[in-house]
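S.K.: sequence plus predicted model, see below.
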Amino acid sequence: MDNHSDVPCQQSSEDEDPSMGANILSQFTASNANRYPASDHKDKEHVLQIIAPKIDNEEDYEFLPGHLEVEEILGQVNDPYEVKYSTRLANGDTVNISTEYICKLQNGRNALSQFNQLNTLKPSTLSNSSGQDMIVPRKRPRRTLLRKPSYDVNSTTFDLSSDDDPLAKPTRPRGISRRRLVRTKSVDTSTAVSKRRSSRLVQSTAPQNSESSASESSESSIDEWPRRRRGVRQPKRSSKRNSYDEPRGSSGEEQPRKNGGHRPRRPRRPPKQHRLKNSKPIQLGVRSSQRIRSTKSMAERLEDDISEAEDNSAGVKYSATKEFFTKLSKDDPFRARHRQICNSCCSADYDKDNLVFCQGCTTSYHQKCLGPRNQREHIVTKVGEGDFVLQCRRCLGISNIKDPLSPHQGACTQCHQLGLLSKPLRSRMTAREEQLLREENDGSDPIVHTDISLYNVDYIMFRCASCERSWHMNHLPPRGQSSSRGIEESDNADHGEQRFREYSRQFTCEDCANMPGEIETLVAWRPVDFDSFIPGYTSEMMEEKAKEYLIKWRKKSYFQTSWMPGPWVWAMTAATTRKAFNKSSKSLKPIMLKEDAIPEEFLRVDIIFDLEYSNVVSNSTIEIDMARIKEVSKIYVKYKGLPYEDAVWETIPSPKETERWHDYQMAYADWVAGKYVHVPKSHILNKNLATARSKDFATQLVKQSQPTFLTGGQIMDYQKEGLNWLYYMWFKGQNAILADEMGLGKTVQVIALFATLVQDHKCWPFLVVVPNSTCPNWRREIKTWAPRLRVVTYYGSSAARKLAHDYEMFPDGTLDLRCHIVVTSYDAMIDDKVKRLFSKIPWAGLVVDEGQRLKNDKNQLYEALTRINFPFKVLLTGTPLQNNIRELFNIIQFCDSSKNAEALEQQYEGDLTKETLTELHDMIRPYFLRRTKAQVLSFLPPMAQIILPVTMSVVQKKLYKSILAKNPQLIQSIFKRTPGRTLKRTERHNLNNILMQLRKCLCHPFVYSKAIEERTVNAVLSHRNLVEASSKLQLLEMLLPKLQERGHRVLIFSQFLDNLDVVEDFLDGLGFYTAALMAPCPHSKSRSKLMILTLLTHHTLHSCCPLGPAVLE
């Protein structure tokens, strides 16, 4: 059916009221506007059948007005068949109806006229409240011709010839071109828009007269005009006439256009500033496709059509309670017992708002700082009309509710009793529950009645503003006494008043007031009550109030550590710090004494950067300074085992502490030597070198005994030979490669060379480049063997290097290097600032440890060292040839720039013959000195290697199979591999990973995954589970007691650090005394960890070789 044409209405009911029929027709049209498309044939008559139901009780129903009255036209709807408008009716409904039916409704013509006038003068984006796609002006491509409609326009569809109708003669204001008007369909022309141009706006504004024939001819002539397409522009306002208030043509007569049918020129656009100032921002609409536009039915929805999820999508919002707090005078005793600063924003009373005082402690808050009622953790209770009281979250113990092991901050720190107001006066409710309760109470909040006296000074507990702990007033310790000590409790009110006067000046407890500084780290923990402690409990299993922590303070040494209560540490440290401590091994066992918790090396002086004397002397010589060692009052010191960043000011140790005093003497002597060590002048050094090299080396320079500067021990004969070989290479000016096997003392031989050159020829400084982790070890070895040589380690972070630069290398801003040897790392050597610094120093020689790092002549270290001038170079390596011969040639090229590694590689590439191998040996022999343990340690008995095969345990077998089952395709591909086919990189990586996991499984299943272990507090059962899970531990359980009976010492080697932890727990269960040695260089070949197990009461560690049976993994 066609609902857009004038059709007769056949009414089947007896009611002939025309208004009711029009009402029914309007409702039908509104609900079915989008259901039936308009027909192209207008000549067919359609009949509407209206069936009015018989209503027996008409008086029970009332007619709702507004369905037949138009309130406002919101915009034009994008419809491919006809022009429709989104219309808001007087009853609030929004419908999409055609122009014809708009005119038949009340106020329809006026609303359509206002819509056309508004969009003619001010094109803008039309809002579409109904969800339909609205047509808005938009820029179109430029074209010269406008296509005619693809169908004929029936101008007789509408009867709008009344002279009183303002829509009968639509006009446009002066100066506004047709192209700039919003392209809506004129009511008079009733021109339909074609399907091709359904998404465009067209405004037919041709001149019209009162006769329809003139209107049709004018409109058809306009459609045939060639038009240029431009963007929509804003209309130009006229100072003499406002087109919005009085549009042209509103008087009922159309003004004839001048110049015949020519189009008027477009007026110029106003300036940008004027348009921005006088016009509102325009929001451009988004054109939607017909496939996705909304097609919701406007028919009334039944109860079954509404889903339960839709009903619950938008919940009811409840209003919050309006809280009113009693304003206390400044002399009120209750207010005087509180801190007059907000605990949240730390501002005073008058800065933001009146303070709200907690009923249970001395804290205060601004009412605004309490936060929203349904989001804060504090509780505010209504206790009277217009009277609300506050209980802060700390009095309520919110943290203890979340984590029962955390301290209850509403309990007294001394007696551990909860405060009288630590329990909430009311239960915590949601906003909805409060609203329901408010509705039950006639719209007001119910008053909570309590037996506890509010605003009572005696119920207030003192709360520290720093650690947030609380005390009863009479339980506060006197000033100067730690709160962790036991104090005498007193119920005297005067005693509590006196304590409050002492603490109310700062509102901080004694622990916070005497805190040495910020917390740097947690060292250890211990229970407060030693007798009640249950063995096997870890730190995270105990309540905070039942334990203490040993605190290392920032910028303080380990001498200044102190035990602090658990609740204080809980409040003063971050949660991440406590979590990291509980995950570390330090949390597993309590340590009762400070001496057992702190390693001794953390208390031994290593380097003195600066110092202060207790008196002043006029003269300063090296002898006078050495004699003033006891006059030092304070030293800026770095301790052994700690990095440079942990350097602090500390007092000197007592002479009664023999070992610590000896370390202090060595560090003080080194500091004094730094004041008098200077780099030799170049002309003096050259003179000394020329004199030395003019002598006969074999008779005058060769060392028959070790240098006098070398006082740390007696070197062996082969090491003396290595010293003379290095000395001779220096004498000839030829670089050397010391390639002794690992463990033969290459470091000691180099230190002996340094001592010889400094002692005999005054030749220094030397640069030693080593891996980062061996820098401290090199310094320790040099100070042990040649304490008179001043050595500086320059490595680590920028802060550590700055300390070494400012206090050791160039103290007091001097430009003269004040040391004999500088030890630096590979990482520091490739830094640009370090390279610039070292390039300015006149070095006497270079030593590179782990010389195989120079096997690649393209890496940064190789390039950095080649750019610095070194008259003498020594490379130390235990493996000069690792992968290919090119690496060997790169090392040779570094020592001798006349050799070309690329040319040597081409010369000796391919299979080496006997002749070429002899030639190669002759070429590299002048640079190398290599010896093995079998050659130089002939006095040692030969090593007997005994391999004991063991069967995997049940757990290991199951775990082994599960690892293999993770990637069975790879395992099958290995066994079924065809000859000549190599594995891909990903396959090799996966295979290596599988093999590594299998190795961990064979060591111990707990090394593969700690989750396999069944943890228990029973120590005996835990030890049995540990042993039975690994067949190797079962073998050691039988072997080690027999070795102990024979007095042997055992060396256990493993490449997995976690496996050594398992072995350590295993030996602790057997009751054996153990000592661990970690390899000094994690980046070198010996990156494994060594554990020395001494099965005797007193043990001695030897670094050269094991002194007994060795168990290797």
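M.R.: Ah, there it is. Residues are numbered from 1 along each chain as shown.

S.K.: going forward, measure contacts between C-alpha atoms and count neighbours the same way
M.R.: Noted.

S.K.: output the below-cut-off pLDDT ranges for this structure.
M.R.: For the chain, applying pLDDT under 70 flags the ranges 1-64, 120-320, 349-352, 482-493, 882-883, 910, 970-992, 1073-1113.

S.K.: how's it carved up into domains?
M.R.: 19-34+63-233, 333-503, 515-593, 601-676, 682-932, 955-1003, 1016-1113 (automatic domain parsing).

S.K.: mean neighbour count and distance to T326 added to those domains, as a markdown table?
M.R.: What follows is the domains of the chain, written out as a markdown table (neighbours: other Cα atoms under 10 Å; distance: least, Cα to Cα, whole Å):
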| stretch | mean neighbour count | distance to T326 |
| --- | --- | --- |
| domain 19-34+63-233 | 18 | 48 |
| domain 333-503 | 18 | 6 |
| domain 515-593 | 17 | 31 |
| domain 601-676 | 16 | 53 |
| domain 682-932 | 17 | 56 |
| domain 955-1003 | 14 | 70 |
| domain 1016-1113 | 16 | 56 |
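
S.K.: indicate which one of the ones you listed is closest to C509.
M.R.: C509 lies closest to domain 333-503 among the domains of the chain, at 5.5 Å (Cα to Cα).

S.K.: and that closest one, end to end?
M.R.: 17 Å (Cα to Cα, to the nearest Å).

S.K.: in contact with F1006, which residues?
M.R.: I1012, E1013, V1062 (Cα atoms under 8 Å, 6 or more residues apart in numbering).

S.K.: out of the residues you listed, who's nearest Q714?
M.R.: V1062 (38.2 Å).

S.K.: L421 and D387: what is the separation?
M.R.: 17 Å.

S.K.: then A669?
M.R.: For A669, the distance to D387 - Cα to Cα - is 75 Å.

S.K.: dump the residue contacts of Y644.
M.R.: K638, A799, A800, L803.

S.K.: go again with 7 Å.
M.R.: K638, A800 (Cα atoms under 7 Å, 6 or more residues apart in numbering).

S.K.: start and end of stretch 847-859, how far apart?
M.R.: 18 Å.

S.K.: let me redo that: stretch 822-831
M.R.: End-to-end for stretch 822-831, by Cα to Cα: 16 Å.

S.K.: same deal with stretch 854-867?
M.R.: End-to-end span of stretch 854-867 (Cα to Cα): 14 Å.

S.K.: what are the contacting residues of it?
M.R.: Under Cα under 7 Å, 6+ apart, the answer for stretch 854-867 is Y826, M829, I830, K835, E887, L888, N890, I891.

S.K.: again with stretch 943-950
M.R.: S1031.

S.K.: stretch 829-849 now?
M.R.: Contacts of stretch 829-849 (Cα under 7 Å, 6+ apart): 763-770, 828, 860-861, 864, 868, 870-877.

S.K.: rewinding a little: and the contacts of stretch 854-867, which of them are in helices?
M.R.: Y826, M829, K835, E887, L888, N890, I891 (DSSP state H).

S.K.: can you list those in TSV and add distance to Y85?
M.R.: Shown next, in TSV, are the ones in helices among the contacts of stretch 854-867 (distance: Cα to Cα, whole Å):
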residue	distance to Y85
Y826	79
M829	79
K835	79
E887	85
L888	89
N890	86
I891	88
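
S.K.: what is the most widely separated pair among those residues?
M.R.: K835 and L888 (25.7 Å).

S.K.: show me the contacts for G1069.
M.R.: H1023.

S.K.: is it fair to say L875 lies in a helix?
M.R.: No. Counting by DSSP: H, G, I helix; E, B strand; the rest coil, one finds L875 to be strand, located in no helix.

S.K.: list phi and psi for L767.
M.R.: phi -110, psi 130 (degrees, to the nearest 10).

S.K.: verify the contact between it and V822 for me.
M.R.: Yes. Between L767 and V822 there is a contact under Cα atoms under 7 Å: 5.0 Å.

S.K.: now the contacts of stretch 854-867 in JSON lines, with distance to A903?
M.R.: As requested, those are exported to JSON lines (distance: Cα to Cα, whole Å):
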{"residue": "Y826", "distance to A903": "28"}
{"residue": "M829", "distance to A903": "28"}
{"residue": "I830", "distance to A903": "27"}
{"residue": "K835", "distance to A903": "29"}
{"residue": "E887", "distance to A903": "13"}
{"residue": "L888", "distance to A903": "13"}
{"residue": "N890", "distance to A903": "11"}
{"residue": "I891", "distance to A903": "14"}
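
S.K.: and those residues, which is closest to Y927?
M.R.: For the contacts of stretch 854-867, the nearest to Y927 is I891 (10.0 Å; Cα to Cα).

S.K.: could you pull out the helices for the stretch 601-750 of the chain?
M.R.: Ranges of helices within the stretch 601-750 of the chain are 622-627, 658-676, 682-693, 717-732, 746-761, based on DSSP state H, counting those that start in this stretch.

S.K.: nearest approach to D531 belongs to which of the ones you listed?
M.R.: helix 658-676 (34.4 Å).

S.K.: helices or strands next to that closest one in the packing?
M.R.: The contact analysis (3 or more Cα pairs under 7 Å, 6 or more residues apart in numbering; DSSP states H and E) places helix 658-676 against strand 605-613, helix 622-627.
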